[in-house]
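In: Okay, predicted coordinates and the sequence, questions at the end:
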Amino acid sequence: MTNTRSLIQRILAGNKKAFQTLIEENQRLVSYMVFRMVVNKADREDLCQDVFLKVYQNLSKFNFESKFSTWIAKITYNTCLDFLEKEKTRCLKAHTLKLQSHSELSEDYLPPDQYTEKKDISLRLKSEIDKMSVHFRTILTLYHLQEMSYVEISEVMQIPEGTVKSYLFRARKLLKQKLMVKYQKEGLWH
């Protein structure tokens, strides 16, 4: 990973290769957050591009008071929330989003005997997380997959640190309950 400060200075000086480096270093974070928050694949790609456009346009405003990854995560989160709000105003109901989510899962799904046990568990986990609220999905993603601290998540989501802890606890509890019920129905949990 390059020195963030010098990378930003090179970008602000007009170095296009430096911006490409910045994209490559942060693509995983942005993609993962967008993919956890937005269902439609085409929208996901557009949002990732929008995020990096906003990063470029606002790069001179980054003041190095927080980690650069936290700043990008905050832009990503807000971009996704804005998008979801616009979708909501266009009268796309949660039911429609769920139907899209289920159809995407069924398109990508292969019979269980073609997966290892670990892959099967991962798919079940992803399926249940996808059904959770945006806040719960985002907090689980930032904490467990992006390994952000409570303070960083608080900054990204613009909610108090105590709320982050509470949401994380509730999201884990809800996920555990849903998985237990699912496994009990399938006779895999006694």
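Out: The structure has been received and is ready for your questions.
In: List the residues that contact the residue nearest the centre of the chain.
Out: When CA atoms, centre = their mean is applied to the chain, the residue found nearest the centroid is Met33 (1.9 Å). Residues in contact with Met33, defined by CB atoms under 8 Å, 6 or more residues apart in numbering, are Ala73, Thr76, Tyr77, Cys80, Thr138, Thr141, Leu142, Gln146. All C-beta atoms are positioned from the backbone trio N, CA, C, and that covers glycine.
In: and the helix or strand hosting Tyr77, C-alpha only, in CSV?
Out: If you go by DSSP states H and E, Tyr77 is part of helix 68-89. Provided in CSV are the C-alpha atoms of helix 68-89 (Å, rounded to 0.1, in the frame of the first residue of the first chain):
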residue,chain,number,x,y,z
PHE,A,68,-8.6,7.5,4.4
SER,A,69,-10.5,4.2,4.3
THR,A,70,-13.0,5.5,6.8
TRP,A,71,-13.5,8.6,4.7
ILE,A,72,-14.1,6.5,1.6
ALA,A,73,-16.4,4.2,3.5
LYS,A,74,-18.4,7.2,4.6
ILE,A,75,-18.8,8.4,1.0
THR,A,76,-19.8,4.9,0.0
TYR,A,77,-22.4,4.6,2.7
ASN,A,78,-23.9,8.0,2.0
THR,A,79,-24.0,7.4,-1.7
CYS,A,80,-25.8,4.1,-1.2
LEU,A,81,-28.3,5.6,1.3
ASP,A,82,-29.0,8.4,-1.2
PHE,A,83,-29.5,5.9,-4.0
LEU,A,84,-31.8,3.8,-1.8
GLU,A,85,-33.8,6.8,-0.8
LYS,A,86,-34.3,7.8,-4.5
GLU,A,87,-35.4,4.2,-5.3
LYS,A,88,-37.9,4.4,-2.4
THR,A,89,-39.4,7.6,-3.8
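In: For this protein, give me the ranges with low pLDDT.
Out: 1-2, 88-121, 186-190 (pLDDT under 70).
In: Domain map for it?
Out: Here the domain parsing of the chain from automatic domain parsing is 1-109, 112-190.
In: Can you tell me the number of residues neighbouring Leu53?
Out: Leu53: 12 surrounding residues under other CB atoms under 10 Å.
In: residues touching Tyr143, list them.
Out: Contacts of Tyr143 (CB under 8 Å, 6+ apart): Tyr150, Ile153, Leu168.
In: Export these to TSV and append columns for neighbour count.
Out: Converted to TSV, the contacts of Tyr143 look like this (neighbours: other CB atoms under 10 Å):
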residue	neighbour count
Tyr150	17
Ile153	25
Leu168	18
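In: what residues does the longest helix anywhere in the chain touch?
Out: When the chain is parsed with DSSP state H, its longest helix is helix 161-185. Here helix 161-185 makes contact (CB under 8 Å, 6+ apart) with 124-125, 128-129, 131-132, 135-137, 139-140, 143, 150-151, 153-154, 157, 159, 189-190.
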